[in-house]
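In: 3D model of this:
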Amino acid sequence: MKILGIGNAIVDVICKVDDEFIEKNSLTKSTMKLVDEAEFKKLLSTLKIEESVSGGSVANSIVGLSQLGNKVGFIGKVSDDDLGQKYEDGLKKENVDFFYAKKREAVPTGTCLILITPDSERTMITFLGTAGKISENDINSDAIKKSEILFLEGYLWDEGEPKKAFEKAINNSNKVAMSLSDLFCVERHKSHFLELVKNKLDITFANEQEIMSLIDTKNFEDVINFTKEINKLVVITRGEKGALAVNKREVVECSAKDKLKIKDLTGAGDLFASGFLHGLINNKSTKESLDIGTEMSSKVIQIIGARLN
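Out: Take a look at the predicted model:
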């Protein structure tokens, strides 16, 4: 197997809202907020659902990699309920091997409310459900050992059982990549993430805001210097400024595509990662990998939802 992903197995519920809804509910645009089941249901009851689809950041990347013709797998915790079945079916339809035997859990399958504002930005309200209860017992070590790259998401990291699951996965991997996922995650787990980036990860994916927060700087030159010092592969997306990769000490840049009809930025980073990793595992150059990532990202932001059809 080329790549195995481990992440929060969450069903995405996509809704369009105006800026007033974001303000009225004290949400911060373009970030993710964790809520309990009661608050999630209360918010959902006031909205019109556009679409619901099996999602989760790394799962979106893994589906993108499968669509590019790679043999891939995914581990994520769902309950044996309707949403859990929908989630598993969604992965199987995309030829992704699902290495998790679901059973009826005390809490339901996780759900993420993706609120799309008129400027195409997405704000996420997440009820983790059983996804947040992942433990080391849910990690399939054999599947990890048989994969070339293990791909993790920052959303999954948390103290207690999820951290143990994370560590078991990394300890059994041949090569490990991780997305920092969200500014909220970086701020919440800064010291842990910094330790991972410096000492445990082979490949790190981040956007400009996340990596600058990680090292507490407002100057992007500091980011370049930091990534050169740690001597790893760090891939950074910068919106309209394009993307770059610092591979060991070499900096490679790629321009963003222009004249795009942007509908929804959900999944932009996820699909960028899938394109870049596709290039990497198929022996493309760093520049070619950045180009493929940019191409995948530009396609997904012109449709509603985080996956290409």
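In: Remind me which helix or strand S297 belongs to.
Out: Using DSSP states H and E, S297 sits within helix 286-300.
In: what sits up against that helix?
Out: 64, 68, 235, 237, 242-245, 247, 250, 252-257, 260, 266-280, 284, 306-308 (Cβ atoms under 8 Å, 6 or more residues apart in numbering). Heads up, the C-betas are built off the backbone N, CA and C, glycines and all.
In: In strands, which of those residues fall?
Out: Counted as lying in strands by DSSP state E, out of the contacts of helix 286-300, are V235, T237, A243, L244, A245, N247, E250, V252, E253, C254.
In: Now do the contacts for the second one.
Out: Yep, that's T237 we're talking about. T237 neighbours (Cβ under 8 Å, 6+ apart): F205, A206, N207, E208, A243, A268, G269, F272, S297.
In: export these to JSON lines and tack on distance to E161?
Out: Output for the contacts of T237, formatted as JSON lines (distance: Cβ to Cβ, whole Å):
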{"residue": "F205", "distance to E161": "24"}
{"residue": "A206", "distance to E161": "25"}
{"residue": "N207", "distance to E161": "28"}
{"residue": "E208", "distance to E161": "32"}
{"residue": "A243", "distance to E161": "34"}
{"residue": "A268", "distance to E161": "30"}
{"residue": "G269", "distance to E161": "26"}
{"residue": "F272", "distance to E161": "30"}
{"residue": "S297", "distance to E161": "33"}
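In: Scan these and report the most crowded one.
Out: Highest neighbour count within the contacts of T237: F205, with 31 neighbours (other Cβ atoms under 10 Å).
In: how much space between the residue nearest to that residue when sequence neighbours are not counted and K42?
Out: Spatial nearest neighbour of F205, excluding adjacent residues (Cβ to Cβ, 6 or more residues apart in numbering): S179 at 4.2 Å. Taking Cβ to Cβ, to the nearest Å as the measure, S179 falls 30 Å from K42.
In: which of the ones in strands among the contacts of helix 286-300 tops the neighbour count?
Out: Greatest neighbour count in those, by other Cβ under 10 Å, goes to V235: 28 neighbours.
In: hey, where'd the strands end up in the stretch 101-250 of the chain?
Out: Taking DSSP state E, counting those that start in this stretch to define them, one finds strands in the stretch 101-250 of the chain at 110-116, 122-127, 149-153, 176-179, 203-207, 233-237, 243-247, 250-254.
In: The third one to strand 203-207, inter-axis angle?
Out: Looking back up the chat, that one is strand 149-153. 30 degrees (axes from the mean of the first three to the mean of the last three Cα atoms, to 10 degrees).
In: With just CA atoms, put strand 149-153 into PDB.
Out: What follows is strand 149-153, C-alpha atoms only, in PDB (Å, rounded to 0.1, in the frame of the first residue of the first chain):
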ATOM      1  CA  ILE A 149       3.800   6.700   4.200                       C
ATOM      2  CA  LEU A 150       1.600   7.200   7.200                       C
ATOM      3  CA  PHE A 151      -0.500  10.400   7.000                       C
ATOM      4  CA  LEU A 152      -1.900  11.900  10.200                       C
ATOM      5  CA  GLU A 153      -4.000  15.000  10.900                       C
END
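In: packing partners for that strand?
Out: If contacts are counted by 3 or more Cβ pairs under 8 Å, 6 or more residues apart in numbering; DSSP states H and E, strand 149-153 sits against strand 3-6, helix 57-67, helix 161-171, strand 176-179, helix 268-281.
In: Tell me which residues touch the nearest residue to N8 once chain neighbours are set aside, please.
Out: Leaving aside its sequence neighbours, N8 sits nearest to A131 (Cβ to Cβ, 6+ apart; 4.2 Å). Counting by Cβ under 8 Å, 6+ apart, A131 touches N8, A9, I10, G56, G76, K77, V78, T109, G110.
In: List the ones among those that fall in helices.
Out: Judged by DSSP state H, the contacts of A131 include no members of helices.
In: Same list (the residues you listed) but as TSV, adding neighbour count and pLDDT.
Out: Compiled in TSV, those are given as follows (neighbours: other Cβ atoms under 10 Å; pLDDT from 0 to 100):
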residue	neighbour count	pLDDT
N8	26	92
A9	33	94
I10	27	93
G56	29	89
G76	30	95
K77	27	95
V78	27	94
T109	28	94
G110	27	94
